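Student: sequence unavailable; structure follows:
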């Protein structure tokens, strides 16, 4: 299974066992008819075919948001993005492995998307609220705007309204649509700072007509770019990189991948000299993995992790995380429920010097993401990729070291499972079984399904060659 990124949420609230969301068995069209009759939305859950953990996380969040979902939506699910919505229409981009939520009205107009999953109710409730607001808006439906676009080719106002809608829904505008927008821009808009900012907020891909359009107007471009908040600029650069490298992978265009990697490297400032080359190497690994170029991937993966991850001292990161957690908890106030307080490590609890008085259920949520978990996730990704790409004993032994180092930063069920599989494949059956049992136990405490891990464990015990 795909090893994905998960972050800790230190929740100051009661902890309940995850139930199962109630999915309707209706077809897409039948759900739309029912939504029309009951004045509700169609809420389509796209499950991940590769990431079991992603689906578990989503189910937890859907249960948490059950009341709002039941009141406003007909809930259905599919294993992939609907084919009828993913035609090559040059309007929006859909990631190849899209999973998340799509909200529709009864006429099957797309109202809002959520391209991710969460154990929290808030993202789903917010998505419902935004979908309802979109349905009630007078800006024209998505279908209507697409119809106008195809029937009024070359109309700048129509293109702009369609791009507005795509962005509002949560999709990424297709590069061709952004290029067309800049090509059709009237003279009074083409040089305006606000229009240049608008184009930049569309995240035009590297080397596109739209990117060249904004950058050729050097003075106005600099004014437009640096008058945007730093965080927004960072997000735009990340979106540009994501869309561009996926384009390179789709086209299997190695020179373009190099161009995208160079762009990404140049987005980092000189105060962090290592971050640019690191991002460059990481992006090229993404490309090699995306096009299944195992030769180049294996040639570069270990040098990347040895340079940027294996020399980091886990104890230093754990100390920083400990101090950050103490500071965060001290700002949380009193009234931490005992069942939550008991889960905080002794070293943290002692330094807090408090007994967590019971004051009912706190609804205060504190998000805390240990840096150690980022390092562990990254090392897990590298180890897992090698495990899936190669059966070469030398490579697998190196991957085992990556997973082992990752466990020094943070122990997650996913990383433990990776480590166990690598142990098994490198001939250490007994230790592999012990670690896989540990992964199952940890995953069980998180109240997520352990079925996939139990299948692997049984195959290990039976001595099967192929445990995946």
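Tutor: Nice, thanks for sending it over. On a predicted model such as this, the values are computed, not experimentally measured, just so you know.

Student: low-scoring stretches of this structure, by residue?
Tutor: The chain contains residues with pLDDT under 70 at 1-19, 84, 86-89, 270-271, 328-368.

Student: please parse it into its domains.
Tutor: Domain segmentation of the chain under automatic domain parsing yields 13-136, 140-224, 317-367, 371-461.

Student: quick check, central residue of the protein?
Tutor: In the chain, the centroid-proximal residue (CA atoms, centre = their mean) is residue 116; its distance is 5.5 Å.

Student: let me see the contact set for that residue.
Tutor: By CB atoms under 8 Å, 6 or more residues apart in numbering, the contact set of residue 116 is 100, 123. C-betas here are computed from N, CA, C, even on glycine.

Student: again, but for residue 277
Tutor: residue 265.

Student: try the one 5 residues further on
Tutor: Applying CB under 8 Å, 6+ apart, one finds that residue 282 lies in contact with residue 304.

Student: okay, and it sits in which element?
Tutor: In this assignment (DSSP states H and E), residue 282 forms part of helix 275-290.

Student: mind listing what's buried in that helix?
Tutor: 276, 278-290 (16 or more other CB atoms under 10 Å).

Student: also stretch 392-407?
Tutor: Of all the residues in stretch 392-407, those buried under the rule 16+ other CB under 10 Å are 395, 396, 398, 399, 400, 401, 402, 403, 405, 406, 407.

Student: okay, now the residue lying closest to residue 117 once chain neighbours are set aside: neighbour count?
Tutor: Nearest non-adjacent residue to residue 117, counting by CB to CB, 6 or more residues apart in numbering: residue 58, 3.7 Å away. Neighbour count for residue 58, taken as other CB atoms under 10 Å: 27.

Student: for residue 171, same thing?
Tutor: Per other CB under 10 Å, the neighbour tally for residue 171 reads 19.

Student: tell me who's in contact with it.
Tutor: Neighbour list for residue 171: 92, 93, 94, 110, 113 [criterion: CB under 8 Å, 6+ apart].

Student: and the gap between the residue nearest to the centre of the chain and residue 61?
Tutor: Per CB to CB, to the nearest Å, residue 116 is found 10 Å from residue 61.

Student: excluding chain neighbours, what is closest to residue 97?
Tutor: residue 50 (6.5 Å).

Student: wait, isn't the one you found in contact with residue 96?
Tutor: No: with contact defined as CB atoms under 8 Å, residue 50 does not reach residue 96; the gap is 10.6 Å.

Student: how about the strands of the stretch 151-300 of the chain, start to end?
Tutor: Applying DSSP state E, counting those that start in this stretch to the stretch 151-300 of the chain gives strands spanning 172-173.

Student: for the nearest residue to residue 122 once chain neighbours are set aside, grab the count of nearby residues.
Tutor: Leaving out its chain neighbours, the residue that sits closest to residue 122 by CB to CB, 6+ apart is residue 65, at 8.0 Å. Neighbour count of residue 65, defined by other CB under 10 Å: 23.

Student: what distance separates the helix holding residue 282 from the centre of its chain?
Tutor: For helix 275-290, the gap between its own C-alpha mean and the chain's C-alpha mean amounts to 17 Å (CA atoms, centre = their mean, to the nearest Å).

Student: can you check stretch 433-453 too?
Tutor: Taking CA atoms, centre = their mean, one finds the center of stretch 433-453 at 23 Å from the center of the full chain.

Student: follow-up on the earlier one: adding secondary structure and distance to residue 425, write the buried residues of stretch 392-407 out as a markdown table.
Tutor: A markdown table is the format used below for these (DSSP: H, G, I helix; E, B strand; the rest coil; distance: CB to CB, whole Å):
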| residue | secondary structure | distance to residue 425 |
| --- | --- | --- |
| 395 | helix | 10 |
| 396 | helix | 6 |
| 398 | helix | 13 |
| 399 | helix | 9 |
| 400 | helix | 9 |
| 401 | helix | 14 |
| 402 | helix | 14 |
| 403 | helix | 11 |
| 405 | helix | 18 |
| 406 | helix | 17 |
| 407 | helix | 17 |
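
Student: wait, which of these is closest to residue 132?
Tutor: Nearest to residue 132, judged by CB to CB, of these is residue 406 at 42.4 Å.

Student: buried residues in the helix or strand encompassing residue 453?
Tutor: Assessed by DSSP H and E, residue 453 sits inside helix 451-461. The neighbour-count criterion (16+ other CB under 10 Å) identifies 452, 453, 454, 456, 457, 459, 460 as the buried residues of helix 451-461.

Student: then stretch 191-208?
Tutor: Result for stretch 191-208 [16+ other CB under 10 Å]: buried residues 195-206, 208.

Student: straight-line length of that stretch, end to end?
Tutor: Counting by CA to CA, to the nearest Å, you get 18 Å between the two ends of stretch 191-208.

Student: could you list the residues in contact with that stretch?
Tutor: 163, 167, 172-173, 175, 178-179, 181-182, 185, 189, 210-211, 213-214, 217, 220-221, 223-225, 227-228, 232, 236, 239-241, 243-244, 247, 256, 259-260, 263.

Student: please redo it, this time with the cut-off set to 6 Å
Tutor: By CB atoms under 6 Å, 6 or more residues apart in numbering, the surrounding residues in contact with stretch 191-208 are 173, 175, 178-179, 189, 210-211, 214, 220, 223-224, 236, 239-240, 243-244, 247, 259-260, 263.

Student: now the buried members of those residues.
Tutor: Neighbour-count burial (16+ other CB under 10 Å) applied to those gives 173, 175, 178-179, 189, 210-211, 214, 220, 224, 236, 239-240, 243-244, 247, 260, 263.

Student: in helices, which of these fall?
Tutor: Per DSSP state H, helices hold the following members of these: 175, 178-179, 189, 210-211, 214, 220, 224, 236, 239-240, 243-244, 247, 260, 263.

Student: related to what we said a few turns ago, residues that sit against both of residue 116 and residue 61, list them.
Tutor: Contacts common to residue 116 and residue 61, judged by CB under 6 Å, 6+ apart, are absent.

Student: tell me the secondary structure at the residue nearest to the centre of the chain.
Tutor: What DSSP: H, G, I helix; E, B strand; the rest coil gives for residue 116 is coil.

Student: where does the residue nearest to residue 117 sit, in terms of helix or strand?
Tutor: Per DSSP H and E: helix 52-64 holds residue 58.

Student: buried stuff in that helix?
Tutor: Residues of helix 52-64 classed as buried by neighbour count (16+ other CB under 10 Å): 52-64.

Student: a markdown table for those, including distance to residue 156?
Tutor: Formatted as a markdown table, the buried residues of helix 52-64 follow (distance: CB to CB, whole Å):
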| residue | distance to residue 156 |
| --- | --- |
| 52 | 46 |
| 53 | 45 |
| 54 | 40 |
| 55 | 42 |
| 56 | 46 |
| 57 | 42 |
| 58 | 39 |
| 59 | 44 |
| 60 | 45 |
| 61 | 40 |
| 62 | 41 |
| 63 | 46 |
| 64 | 44 |
